[in-house]
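[1] can't give you the sequence, but here's the structure:
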């Protein structure tokens, strides 16, 4: 837990006034005219967010938070929880009407309790107009029935992370851009004793990301546009049969892997390819790991559907309806999403978070190191987790219950046949998408 207080502000003296001029909250005149939020007198804030996966995230987030306090005099307490704990804690807070003022949650969490959240439409419209517009998938996550209930921060997206020398030794110049070629690469790596492996446990990020990609890339989906459960289909069967072939190339134990396991296995030299955020490369670069020059990235291959069909770990801020300081909370979010704060933070995480606003795709972090570039377009390539139906309680519940991840794990590992796995997933999803 960290907190910046008015006492810290007083210690800064007159420096706060100069800082305000470049803060993005109290500076250019046009920005003030567009949105001038007046925080409540005596406001103080508490933020619950996920624990950092790369060190630069927490460092810059707290520095920006300190700047906000110095500028406004509003103290902000920041609590960091494990990725898996944020969703249940947010749900409890929403339902009992007490807890943090702001929560950084996952995916479509706000759609579970939209009526218990502060309307952020004015702020979202301001940011969208100023920074080139929101990507469509970000807008779908942030809005419900015409109002913004969440403010997307971005996505901790996944690419194929691989060792270039091992891929070349397996007879490939790089990662094939189609699922058929990708399977052949993984089979060749396995034959060389330099295997691939993806997380198949109930991993908030990695498991969900690649399991949904497997399903969608073959034309499968949980629901149709009207919210009817259609996961039991020929397309899903094809996806699960593909996953079973891919699984044969993995090292043992991946059915229990969570979000940190493939990072450790890759850097320990146990695997040569996985699907992950940029955190593996970040950790290697910042520790001068000997694998660093050999680590490369590629976008997830395109399957039979013929276009990118990806899910990435989108995170967005919710202002809880019970807060005593909704204006202060919105002012804090405005400050943190402005270019003066957002771009340095994005640079500090070296591309770990892909932006939800189009203007930030021009951030030099994406091109100064070409290995970062594949992560730049992940939000533009992704679908929301409720695809192809509406977001809401049901889509969020299916995600929280790991229906797709478990289905893929069961079929891939042979615990169930593809037919049995998708029939079970159909029944599980129907409990939430009630007819």
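    Perfect, thanks for sending it. Because the structure is a prediction, the values reported are computed rather than measured.
[2] tell me where the model's unsure across the stretch 51-200 of the chain.
    Applying pLDDT under 70 to the stretch 51-200 of the chain picks out no residues at all.
[3] 90 instead?
    Low-confidence segments of the stretch 51-200 of the chain, defined by pLDDT under 90, span residues 52-56, 82-84, 87.
[4] residues making contact with stretch 418-435?
    Applying CB atoms under 8 Å, 6 or more residues apart in numbering, the contact partners of stretch 418-435 are 222-223, 227-229, 231-233, 236-237, 240-241, 244, 389, 393-394, 397-398, 401, 403-404, 406-408, 410-411, 415-416. Heads up, the C-betas are built off the backbone N, CA and C, glycines and all.
[5] only whichever of those are buried, select them in PyMOL.
    Remark: buried members of the contacts of stretch 418-435, expressed as a PyMOL selection using 16 or more other CB atoms under 10 Å:
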select buried, resi 222+223+227+229+231+232+233+236+237+240+244+389+394+397+398+403+404+406+407+408+410+411+416
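[6] inside helices: which ones of the contacts of stretch 418-435?
    Among those, the ones falling in helices (DSSP state H) are 236-237, 240-241, 244, 393-394, 397-398, 403-404, 406-408, 410-411.
[7] of those residues, closest to residue 76?
    residue 393 (30.3 Å; CB to CB).
[8] return the residues in contact with the nearest residue to that closest one once chain neighbours are set aside.
    The shortest distance from residue 393 to any non-neighbouring residue, by CB to CB, 6 or more residues apart in numbering, is to residue 112 (5.4 Å). Residue 112 is in contact with 91, 94, 392-393, 396-397, counting by CB under 8 Å, 6+ apart.
[9] of all the residues you listed, which comes closest to residue 366?
    Distances from residue 366 to those, taken by CB to CB, are shortest for residue 396, at 30.3 Å.
[10] pull the number of nearby residues for that closest one.
    Close neighbours of residue 396, defined as other CB atoms under 10 Å, add up to 24.
[11] residue 269 now?
    Using other CB under 10 Å, residue 269 is surrounded by 12 other residues.
[12] what separation do you get for the nearest residue to it once chain neighbours are set aside and residue 267?
    Of all residues not flanking residue 269 in the chain, residue 291 sits nearest, at 7.4 Å (CB to CB, 6+ apart). Using CB to CB, to the nearest Å, residue 291 is found at 7 Å from residue 267.
[13] what's the overlap in contacts for those two?
    Common neighbours of residue 291 and residue 267 (CB under 8 Å, 6+ apart) are residue 284.
[14] roughly how far apart are residue 95 and residue 376?
    38 Å.
[15] again with residue 47
    27 Å.
[16] higher neighbour count, these two?
    residue 47 (22 against 19).
[17] pretty sure that one sits against residue 103.
    Yes: in this structure residue 47 lies within contact range of residue 103 using CB atoms under 8 Å: 7.5 Å.
[18] and stretch 174-189, how far from the chain's centre?
    25 Å (CA atoms, centre = their mean, to the nearest Å).
[19] how about residue 224: what's its closest non-neighbour residue?
    Nearest to residue 224 is residue 230, by CB to CB, 6+ apart, at 5.1 Å.
[20] pLDDT at that neighbour, what is it?
    On pLDDT, residue 230 comes in at 98.
[21] tell me where the stretch 251-400 of the chain has helices.
    Listed in chain order, the helices of the stretch 251-400 of the chain (DSSP state H, counting those that start in this stretch) span residues 261-267, 279-286, 326-337, 339-348, 365-368, 378-381, 393-400.
[22] rebuild these as CSV, extending it with mean pLDDT and distance to residue 147.
    Listed next are the helices of the stretch 251-400 of the chain as CSV, based on pLDDT from 0 to 100; distance: least, CB to CB, whole Å:
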stretch, mean pLDDT, distance to residue 147
helix 261-267, 97, 38
helix 279-286, 94, 34
helix 326-337, 98, 14
helix 339-348, 97, 23
helix 365-368, 96, 32
helix 378-381, 97, 21
helix 393-400, 92, 17
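[23] out of these, the one nearest residue 99 is which?
    Closest among the helices of the stretch 251-400 of the chain, using CB to CB: helix 326-337, at 12.8 Å.
[24] angle of that closest one against helix 339-348?
    50 degrees (axes from the mean of the first three to the mean of the last three CA atoms, to 10 degrees).
[25] following element in sequence after the longest helix seen in the chain, please.
    The longest helix of the chain (DSSP H) is helix 55-72. Where DSSP states H and E defines the elements, the next helix or strand beyond helix 55-72 is strand 76-81.
[26] give me the distance from that following strand to the chain's centre.
    In terms of CA atoms, centre = their mean, the gap separating the centre of strand 76-81 from the centre of its chain is 19 Å.
[27] now do stretch 249-257: everything it contacts.
    Stretch 249-257 has contacts (CB under 8 Å, 6+ apart) with 186-187, 189-190, 195-201, 203, 206-207, 247, 261, 265, 270-271, 409, 413.
[28] what about stretch 37-50, average pLDDT?
    Stretch 37-50 comes out at a mean pLDDT of 97.
[29] what's the first-to-last distance across that stretch?
    26 Å (CA to CA, to the nearest Å).
[30] list the buried residues of it.
    37, 39, 43-50.
[31] stretch 134-143 now?
    Using 16+ other CB under 10 Å as the test for burial, stretch 134-143 gives 134-135, 137-143.
[32] ok, stretch 319-328 next?
    Buried residues in stretch 319-328, defined by neighbour count with 16+ other CB under 10 Å: 319-323, 325-326, 328.
[33] the domain parsing of the chain - what is it?
    2-155+314-373, 159-311+401-432 (automatic domain parsing).
[34] redo those domains as a markdown table? Include distance to residue 383.
    Converted to a markdown table, the domains of the chain look like this (distance: least, CB to CB, whole Å):
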| stretch | distance to residue 383 |
| --- | --- |
| domain 2-155+314-373 | 7 |
| domain 159-311+401-432 | 6 |
